[in-house]
Structure formats: structure tokens, C-alpha cells
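Engineer: below is the sequence, then the predicted model.
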Amino acid sequence: MVKAAAYVSAKYLSAKTAGEYNNKTFVIDSAFNSEIGQQGSEQDKLCIRLKGIDKPLALNQTNLTILMVAYGDDTDSWINKKVILHIVSVPFNGQVVQGLQLEATN
């Protein structure tokens with residue numbers, strides 16, 4: 001069976017492309033800053049790479065807060081820490097959409 005999601009060309013991990021990773025535990029490999037968005041309206045976002053996943057995850061405020069509370073403000077201390085990746089329903093622009101939420105674990 002061929003999975004169509006493998007052909008989606010998004011640069012970052014999203015709920016649309018993360019189905020096979022739902023409710024699985026991963027280790028944080030790195031944290032880095034990246035400009036995300038359309039040309040002319042880019043935003044600096046903190047991103048993480050998870051071991052075993054090719055695409056990085058851009059952190060929204062919820063996931064950023066979860067990691068800061070669990071592992072501190074210094075992103076170097078996040079390396080080799082475990083997280084569980086969940087696909088959850090979230091409100092966005094007046095609609096309910098699928099999003100990614102991290103759960104810190106020890």
C-alpha cells in the first residue's frame with residue numbers, strides 16, 4: 001500500500017502528514033529558529049527535530065509552553081528528552097481543525 005501523505009511537500013510536520021506518528025513517543029534531536037510563512041510575512045518560529053521523523057515541527061505557543069514547563073527555558077536541555085506526539089482537535093479561525101500537541105514525558 002502506498003501512503004499518499006508521503007507525497008505532500010510541506011516543509012514542516014503537520015497533523016495532515018503525522019498520522020503514523022499519533023500517540024507515539026519520540027526523542028528531541030535538536031531545536032532551532034526558522035522563518036516560516038509567505039514571503040513578506042515570515043515569522044521567526046522555534047522548531048524541533050524529533051528522531052525518526054524527517055520533517056521538523058514548528059512550535060506553536062501551546063507546545064512551546066509545554067516544553068518550557070517540562071524541560072526549562074534553555075533549548076539545549078531539551079535534547080534527548082522524550083515527548084509524545086498527539087493529533088488533537090483545536091479551534092482555529094472559528095473552525096475545529098486537527099493540530100499537533102506534544103506531551104512531555106520522562
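Structural biologist: Arrived safely, thanks for sending. All figures in this text were calculated on a predicted structure; none of them were measured in a lab. Numbers count the residues shown, from 1 in each chain.

Engineer: for the helix or strand where L102 lies, packing partners?
Structural biologist: Assigned by DSSP states H and E, L102 falls within strand 95-105. Strand 95-105 makes packing contacts with helix 61-71, strand 82-92 when contacts are defined by 3 or more CB pairs under 8 Å, 6 or more residues apart in numbering; DSSP states H and E. Yep, even glycine has a C-beta here, placed from its N, CA and C like the rest.

Engineer: rebuild the ones you listed as JSON lines, extending it with distance to K55, mean neighbour count and mean pLDDT.
Structural biologist: Shown next, in JSON lines, are the helices and strands packed on strand 95-105 (distance: least, CB to CB, whole Å; neighbours: other CB atoms under 10 Å; pLDDT from 0 to 100):
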{"stretch": "helix 61-71", "distance to K55": "15", "mean neighbour count": "15", "mean pLDDT": "97"}
{"stretch": "strand 82-92", "distance to K55": "12", "mean neighbour count": "15", "mean pLDDT": "95"}
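
Engineer: now these in a markdown table, with distance to D29?
Structural biologist: A markdown table is the format used below for the helices and strands packed on strand 95-105 (distance: least, CB to CB, whole Å):
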| stretch | distance to D29 |
| --- | --- |
| helix 61-71 | 14 |
| strand 82-92 | 11 |
